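Novice: coordinates only, sequence not included:
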């Protein structure tokens, strides 16, 4: 079988603003024949592709209609087999909750050339942009990053023992997250465990709420939190040093 002459690049777009795009990603976008992009991708990035580039929106947003993953896989294979340079643009980093496995398997099975291009994950960038270091020699010797899209599948007892937690896709399940952490001892030695919620990190609309496990749900009860990154742990207290910067 003849190997397709095109190539698919699985590219991380970073957390938001176009300025967080890597140099390699910028260069690849300028060569794109087809752009297949997600909902959270900054619209300014769409201006970086050639005028004749075909733009295909396949956005995935929680609770809203989205393009089936099998259809996305088929699109990537189809355009690659047509000899196109295809950019599969994902927010953040493509290998951190980017649903890349299915796409890579489909490309591999079809004999398509592909390459993954790292991006800055919101799990790392959002805390930094809010002035929160994820590690600290005294209060945070480790951190865990996880998705709370399906909270019932998580080992809350183990997570509650860690110094710092970074939670993606947790806005819709904030009450359950707080309930499970308190139930499993996160507030065992203090009733004021700090928490930060960073919404739309890396964009002009970035918002940050800082509170305690016992009060945060009431603090943001009327706010639509998606997309957001949640940080829990003593490191959140460092954000106060950045408030006036």
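Specialist: Nice, thanks for sending it over. Values in this document were obtained by computation on a predicted structure and should not be read as measured data.

Novice: Just confirm residue 115 is within a strand.
Specialist: Yes - membership of residue 115 in a strand is supported by DSSP: H, G, I helix; E, B strand; the rest coil.

Novice: Could you tell me how many residues sit around it?
Specialist: Taking other C-beta atoms under 10 Å as the criterion, the count of residues near residue 115 is 11. (Glycine included, C-beta is placed from N, CA and C.)

Novice: Regarding the nearest residue to it once chain neighbours are set aside, what is its secondary structure?
Specialist: Of all residues not flanking residue 115 in the chain, residue 9 sits nearest, at 5.4 Å (C-beta to C-beta, 6 or more residues apart in numbering). Secondary structure for residue 9, judged by three-state DSSP, is strand.

Novice: Show me how far the helix ranked longest in the chain is from its chain's centre.
Specialist: Across the chain, the helix with the greatest residue count (assigned by DSSP state H) is helix 69-81. How far helix 69-81 lies from its chain's middle: 22 Å, per C-alpha atoms, centre = their mean, to the nearest Å.

Novice: mean confidence score for that helix?
Specialist: The average of the pLDDT scores along helix 69-81 is 96.

Novice: hmm, back to that, my guess is the residue nearest to residue 115 meets residue 94, correct?
Specialist: No - in this structure residue 9 lies outside contact range of residue 94 using C-beta atoms under 8 Å: 9.4 Å.

Novice: which regions of the chain sit below the pLDDT cut-off?
Specialist: 1-4, 60-65, 187-191, 244-245 (pLDDT under 70).

Novice: Helices of that one, start to end?
Specialist: 23-29, 69-81, 100-109, 122-129, 156-160, 174-183, 216-219.

Novice: coming back round to it: would you mind telling me which of residue 9 and residue 94 has more residues around it?
Specialist: Neighbour comparison, residue 9 and residue 94: the larger count goes to residue 94, with 25 against 21 (by other C-beta under 10 Å).

Novice: residues contacting that one?
Specialist: Residue 94 makes contact with 10, 11, 12, 88, 100, 116, 117, 118, 119, according to C-beta atoms under 8 Å, 6 or more residues apart in numbering.

Novice: do that again at 10 Å, thanks
Specialist: 9-13, 38, 88, 100, 103-104, 116-119, 121 (C-beta atoms under 10 Å, 6 or more residues apart in numbering).

Novice: Equivalent analysis for residue 46, please.
Specialist: So residue 46 contacts 18, 29, 35, 37, 53, 55, 57, 89 (C-beta under 10 Å, 6+ apart).

Novice: on that earlier part again, out of the contacts of residue 94, give me the one that has the most neighbours.
Specialist: Counting by other C-beta under 10 Å, top hit in the contacts of residue 94: residue 11 with 29 neighbours.

Novice: Apart from its chain neighbours, what residue comes closest to that residue?
Specialist: Closest to residue 11 by C-beta to C-beta, 6+ apart is residue 117, at 4.4 Å.

Novice: is it true that the one you found touches residue 12?
Specialist: Yes - look at residue 117 against residue 12 with C-beta atoms under 10 Å: they come within range, at 6.3 Å.

Novice: what's the longest helix of the chain packed up against?
Specialist: Here helix 69-81 touches strand 7-12, strand 34-37, strand 54-57, strand 85-90, helix 100-109, strand 113-117, going by 3 or more C-beta pairs under 10 Å, 6 or more residues apart in numbering; DSSP states H and E.
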